[in-house]
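S.K.: Here's a sequence, model it:
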Amino acid sequence: MNVELAIFSGRPNPSWQLSAREINELTSRLSGLPPFGLPGTASALGYRGFIVSNPEESGGLPARIQVYNGIVSVERSGQMNFYQDANHLERWLLDCARSHGYGSIIDQLIDGGI
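M.R.: Numbering: from 1, shown residues only. Presented below is the predicted three-dimensional model:
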C-alpha cells in the first residue's frame, strides 16, 4: 500500500509504503467516520493532502483514499464516498510522513499554515 504526499507540481511527490502496523492503524482510523456531502475542489498548487493507493483492495481496504482539509474521500469498486476526518487521519499521515524521512517538507508545510 503506497502513500503519496501531494505537494509538488511538475516533479514527483514524496511517497512511501505502509508497514503492517501502519496498515492496521489506517484501518482503525477509517472505521466509523461520519459521512460528508460532496466536497469543494482542492487547490491545484501546493499541499493537496495525501493519496493512499491500494489498487487490489487488499486487506479489505479501499482502492484509493484521499485525505485533505478534514475530508476523507474513499474509492471502493469505482464508487466514491466522502467522510469527515473525525479520526484525525490527515494528522496521522503527516506524522507518518515525518517518520518516513519527510520531516523537512512537513516542517515547511506547517510553517506555511497547515
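
S.K.: For this protein, which segments are assigned as helices?
M.R.: Using DSSP state H, the helices of the chain run over residues 20-30, 89-97, 103-111.

S.K.: so how far is residue 84 from the residue minimising distance to the centre of the chain?
M.R.: Nearest residue to the geometric centre of the chain (C-alpha atoms, centre = their mean): residue 50, 3.1 Å. Taking C-beta to C-beta, to the nearest Å as the measure, residue 50 falls 16 Å from residue 84. C-betas here are computed from N, CA, C, even on glycine.

S.K.: cool, and residue 55?
M.R.: Distance, residue 55 to residue 84, by C-beta to C-beta: 25 Å.

S.K.: Of those two, which one has the most company?
M.R.: Taking other C-beta atoms under 10 Å, residue 55 and residue 84 do not tie; residue 84 has more neighbours (13 against 9).

S.K.: And that one, how close does it get to residue 54?
M.R.: 21 Å.

S.K.: same thing with residue 97?
M.R.: The value you get for residue 97 to residue 54, if C-beta to C-beta is used, is 18 Å.

S.K.: what does residue 29 give?
M.R.: Distance from residue 29 to residue 54, by C-beta to C-beta: 14 Å.

S.K.: Over to residue 103?
M.R.: 25 Å.

S.K.: Ok, residue 87 next?
M.R.: Residue 87 is 18 Å from residue 54, by C-beta to C-beta.
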